[in-house]
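Undergrad: quick one, fold the following:
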Amino acid sequence: MRALDWVNAGHLPILLKRGSTVSQLASGGMPFGLLPGASYTCGCERLSTGDMFLLFTDGITEAGEELGIEEYGLQRLTQNLLREEEPESLLQAIADELSTHLRRGHPNDDVTMLCARCR
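TA: Predicted structure coming up:
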């Protein structure tokens with residue numbers, strides 16, 4: 001059995017593409033290190049061949065706010081995830097679209113993404 005175990009400590013949910021649907025994996029808790037003794041919930045999701053997941057920082061979803069324009073948002077990430085079949089092409093599509101969205105400017109926050117596909 002292949003599975004993804006995760007703990008989300010204050011970050012946005014992991015996006016999981018399975019077939020033509022995208023779900024949000026959001027188990028976790030408050031930001032790590034904020035309070036001593038904080039507890040966190042571990043999530044576990046069984047993975048099948050073709051499943052693809054995307055981890056990302058809020059610097060992507062909130063990009064645009066610094067320019068006074070609409071944030072890039074979770075919906076655009078989800079649309080790209082539905083459209084692309086391979087991790088490399090997904091990451092490139094998001095990077096290209098983000099650059100266009102920011103009018104070729106640079107975001108004020110980190111832009112970090114990790115994508116993997118189950119084979």
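
Undergrad: longest single helix anywhere in this structure?
TA: helix 87-101 (DSSP state H).

Undergrad: can you check what angle separates whichever helix or strand comes after that helix from helix 87-101?
TA: Per DSSP states H and E, the first helix or strand lying C-terminal to helix 87-101 is strand 113-117. Relative orientation of strand 113-117 and helix 87-101, computed by axes from the mean of the first three to the mean of the last three Cα atoms, to 10 degrees: 150 degrees.

Undergrad: Ser62 is in contact with Leu74, isn't it?
TA: For residue 62 the amino acid is Glu, not Ser. No. Using Cβ atoms under 8 Å, Glu62 is not in contact with Leu74; the gap is 10.2 Å. To be clear about C-beta, it is placed using only N, CA and C from the backbone, and glycine gets the same treatment.

Undergrad: buried ones in the longest helix of the chain, by neighbour count?
TA: Buried positions in helix 87-101, judged by neighbour count with 16 or more other Cβ atoms under 10 Å: Pro87, Leu90, Leu91, Ile94, Leu98, His101.

Undergrad: just the pLDDT for the fifth one.
TA: In this case it means Leu98. Looking at Leu98, its pLDDT reads 92.

Undergrad: residues contacting it?
TA: Leu98 is in contact with Ile60, Ala63, Tyr72, Pro107, Val111, counting by Cβ atoms under 8 Å, 6 or more residues apart in numbering.
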